[in-house]
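Asker: okay, structure incoming, though there's no sequence with it:
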Ligand SMILES: [Zn+2]
């Protein structure tokens, strides 16, 4: 009698383990889709303005431009961004006839 009870419990535990894993893996798939959106919404992740990658706020490479802080996935992206800012500033700050 006890044997069967233990067997039933073990089978039930295995069954729960299996179904939980299956549910978890389904939830994980769902999570991956919305993870970035949720983390962006909660301010944990930001989008790299150069390549569009998502990076964690606390592990990112930053550039401060006045009041705005930009974050980047790599120093390459940061350099590209800084160059773009400098180029656009030069264009707007110089008088139009200075280009020629
Ligand atoms: Zn990047």
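Answerer: That came in fine, so what should we check first? Because the structure is predicted, anything quoted here is derived from the model rather than measured.

Asker: for the ion, what are the nearby residues on this structure?
Answerer: For the chain, the residues in contact with the ion under the definition C-beta under 5 Å from the ion are 48, 50-51, 53, 73, 77. Where you see a C-beta, it was placed from the backbone N, CA and C, and this is true even at glycine.

Asker: ChimeraX command to pick out the buried ones of those residues?
Answerer: Applied in ChimeraX, the following selects the buried portion of those according to 16 or more other C-beta atoms under 10 Å:
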select :48,50,73,77
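
Asker: nearest to residue 89, of the residues of the chain next to the ion?
Answerer: Within the set of those, residue 50 lies nearest residue 89; the separation is 16.9 Å, counting by C-beta to C-beta.

Asker: what sits against the closest residue to the closest one other than its chain neighbours?
Answerer: Computed as C-beta to C-beta, 6 or more residues apart in numbering, the closest residue to residue 50 that is not its neighbour in sequence is residue 77, at 4.0 Å. The contact partners of residue 77, by C-beta atoms under 8 Å, 6 or more residues apart in numbering, come to 48, 50-51, 53, 61.

Asker: from residue 41, how far off is residue 77?
Answerer: Taken as C-beta to C-beta, to the nearest Å, the spacing of residue 77 relative to residue 41 amounts to 22 Å.

Asker: ok now the lengthiest helix in the chain, how far from the chain's centre?
Answerer: The helix that spans the most residues within the chain, counting by DSSP state H, is helix 2-41. If you compare the mean C-alpha spot of helix 2-41 with that of the full chain, they lie 25 Å apart, counting by C-alpha atoms, centre = their mean, to the nearest Å.
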